[in-house]
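# quick check, what structure comes out for this input:
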Amino acid sequence: MAEEELAPESLQLESQVFSLAFHPSQDIVAAGLITGDVHCYKYGVEKNENIYSGKYHKKSCRTIEFSEDGKLLFSGSRDKSIQGLDIETQQVTFVKAKAHDDPINTMLTLNERYLTTGDDAGVVKLWDMRKQGEAMKWHENSDFISNITYVPEKKTMVVAGGDGCLSVFDIRKSEAIAVSENQDDELLSVQVIKNGRKAVVGTQEGILGIFSWNDWGDVTDRFLGHPKSIDTMIKINEDVICTGSSDGLIRVVQIHPNKLLGVIGEHDDFPVEQICISHDQRFMGSCAHDQTVKFWNVGYLFDEDDDEDEEALEAETEEKEPQIEVDQEVASVGDVEHAEAKDAENSDLEEPENNKRKKKQKEKKDKKLPAKFNVETAAAADFFSDL
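Numbering: from 1, shown residues only. A predicted model of the protein is given here:
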């Protein structure tokens, strides 16, 4: 088996993994746990090595992010704090004990200077790391902030909220650029594609909502195809994203034209919490409720010559199997039942609270999963030709 087809072995953690982040320039991955612990591993196809483990939060570590230069690892917690760990010295060098009035749910490094955080009450904050203080605060959403993405060229953040609204902020201005109409569904993940012309959001009902830039009132298109919620999403290129769903599958999806390209892997029936890409675009990391971090070889997704072969491979696929039929028209979204909060699933580790975190309960295994495509040890051609 060629080395480029291999991936590191899975990491087995002692508790549920809530968050995952790859170092921006080294083969290091960090995981934040429900216990408040943070673990760092040096990963490789030969072996994985734990290089740091520590507990820096009283409650669950919900989100982690490396600084742009990779020197610091930031973590945000249900205990409302932000901490910054120096990777080399393994010392905490940045602490905001009460960074928010409510539990922190998501975080994103924007550049070498700014870090942004979102909490369970819908508050978004911008942090100036040079001054080590709060630079801006917005409160446009009424429920938890699930995900934030940033467009550097526009200095704009696009924010997904559990209240069903998408908010757009210029980091230089105190007022929001726009807030969408309520989508009657929890927005759980977001990415900007098509060279900044489209924003794609993943929802609780498994629908990909597509917004057009500067037309933030409502979605201009929807793509159905996920049977359950789309909890995490990453951008592969301007036309393709990968999604992690509560059905345990990690999918490759093309946008405009909308098409399900395949499945990278799965965490059985366990909801996928987060997916992310390594610094060299060779591996994808994923974490789920099964207490594991899995690695998938996805280098072929970023190969420059893949686009030339994709049409021929997909044409061959069409001859082998009928295409999945999905409604491409804009469809109304029904009412969403609110599931129990993510931390409430683990009440033995944390005291109950009336927080806003909407995470799905593990459902009964009575539905057959769609056919999956194991590409951990397959090249790009094998991946598409087997669809």
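# which residues does the residue positioned nearest the centre of the chain bridge with?
For the chain, the residue nearest the mean C-alpha position is Thr232 (3.5 Å; Cα atoms, centre = their mean). Listed beta-bridge partners, Thr232: Gly244 (assigned using DSSP bridges).
# isn't it right up against Ser246?
No. At 10.0 Å, Thr232 and Ser246 do not qualify as touching, with contact defined as Cβ atoms under 8 Å. From N, CA and C alone the C-beta is placed, and that goes for glycine too.
# quickly list what's touching both of the two.
The contact sets of Thr232 and Ser246 overlap at Val272 (Cβ atoms under 8 Å, 6 or more residues apart in numbering).
# mind listing what the residue nearest to the centre of the chain touches?
Asn147, Leu188, Ser189, Gly202, Thr243, Gly244, Val272, Glu273, Gln274, Ile275.
# got it, and Asp268?
With Cβ under 8 Å, 6+ apart, Asp268 has these contacts: Gly248, Asp290.
# how about it, phi and psi?
Main-chain torsions, Asp268, degrees, to the nearest 10: phi 50, psi -130.
# report the spatially nearest residue to Leu249, omitting neighbours in sequence.
Glu266 (4.9 Å; Cβ to Cβ, 6 or more residues apart in numbering).
# specify the local secondary structure of Gly209.
The three-state label given to Gly209 by DSSP: H, G, I helix; E, B strand; the rest coil is strand.
# how far away is it from Cys276?
Using Cβ to Cβ, to the nearest Å, we find Gly209 at a distance of 22 Å from Cys276.
# out of those two, which sits in the busier spot?
Gly209 (26 against 18; other Cβ atoms under 10 Å).
# which of the contacts of Thr232 fall within strands?
Secondary structure from DSSP state E places Asn147, Leu188, Ser189, Gly202, Thr243, Gly244, Val272, Glu273, Gln274, Ile275 of these in strands.
# confirm for me that the second one is in contact with Gly202.
Which is Leu188. Yes. Contact criterion Cβ under 8 Å: Leu188 and Gly202 qualify, at 5.2 Å.
# shared neighbours, these two?
With Cβ under 8 Å, 6+ apart, Leu188 and Gly202 have common neighbours Ala160, Ser229, Ile230, Asp231, Thr232.
# quick one: contacts for the residue lying closest to the fourth one once chain neighbours are set aside?
Okay, so that is Asp231. Counting by Cβ to Cβ, 6+ apart, Asp231 lies nearest to Leu188, which is 5.2 Å off, once chain neighbours are set aside. Applying Cβ under 8 Å, 6+ apart to Leu188 gives the contacts Ser146, Asn147, Ala160, Gly162, Val201, Gly202, Thr203, Gln204, Ser229, Ile230, Asp231, Thr232.
# try it again at 6 Å.
Residues in contact with Leu188 (Cβ atoms under 6 Å, 6 or more residues apart in numbering) are Ser146, Gly202, Asp231.
# which pLDDT does the model give it?
Looking at Leu188, its pLDDT stands at 99.
# distance of it from Gly54?
In terms of Cβ to Cβ, Leu188 sits 29 Å off from Gly54.
# for Arg197, same thing?
43 Å.
# where does this structure have low pLDDT?
Low-confidence segments of the chain (pLDDT under 70): 1-4, 304-387.
# the same query, at a cut-off of 50, please.
Scanning the chain for pLDDT under 50 picks out 1-3, 308-309, 312-313, 315-387.
# and it, what are its domains?
8-98+276-299, 112-266 (the TED database).
# start to end distance for the shortest one?
It stands for domain 8-98+276-299. 13 Å (Cα to Cα, to the nearest Å).
# count of neighbours near Tyr52?
Tyr52, neighbours per other Cβ under 10 Å, totals 15.
# hang on, Glu46 in a helix?
No. Counting by three-state DSSP, Glu46 falls outside a helix, being coil.
# can you give me the distance of it to Asp27?
11 Å.
# and the closest residue to Gln26 other than its chain neighbours, its phi and psi?
Ranked by Cβ to Cβ, 6+ apart and with sequence neighbours excluded, the top spatial neighbour of Gln26 is Gly70, at 6.5 Å. Backbone torsions for Gly70, taken as degrees, to the nearest 10, come to phi 80, psi 0.
# and Gly70, what does it touch?
His23, Pro24, Ser25.
# just these now: which is nearest Thr89?
Using Cβ to Cβ, His23 comes nearest to Thr89 of the contacts of Gly70, at 15.6 Å.
# how about the strands in the stretch 1-150 of the chain?
11-12, 17-22, 28-33, 37-42, 49-55, 61-66, 72-77, 82-86, 91-96, 104-109, 114-119, 123-128, 133-139, 145-151 (DSSP state E, counting those that start in this stretch).
# Serialize those strands to TSV and add fields for distance to Asn182.
Below are the strands of the stretch 1-150 of the chain laid out as TSV (distance: least, Cβ to Cβ, whole Å):
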stretch	distance to Asn182
strand 11-12	39
strand 17-22	27
strand 28-33	30
strand 37-42	35
strand 49-55	39
strand 61-66	24
strand 72-77	26
strand 82-86	29
strand 91-96	31
strand 104-109	19
strand 114-119	18
strand 123-128	18
strand 133-139	16
strand 145-151	15
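# rewinding a little: for the residue nearest to Leu249, pull up the helix or strand it's in.
Per DSSP states H and E, Glu266 falls inside strand 259-266.
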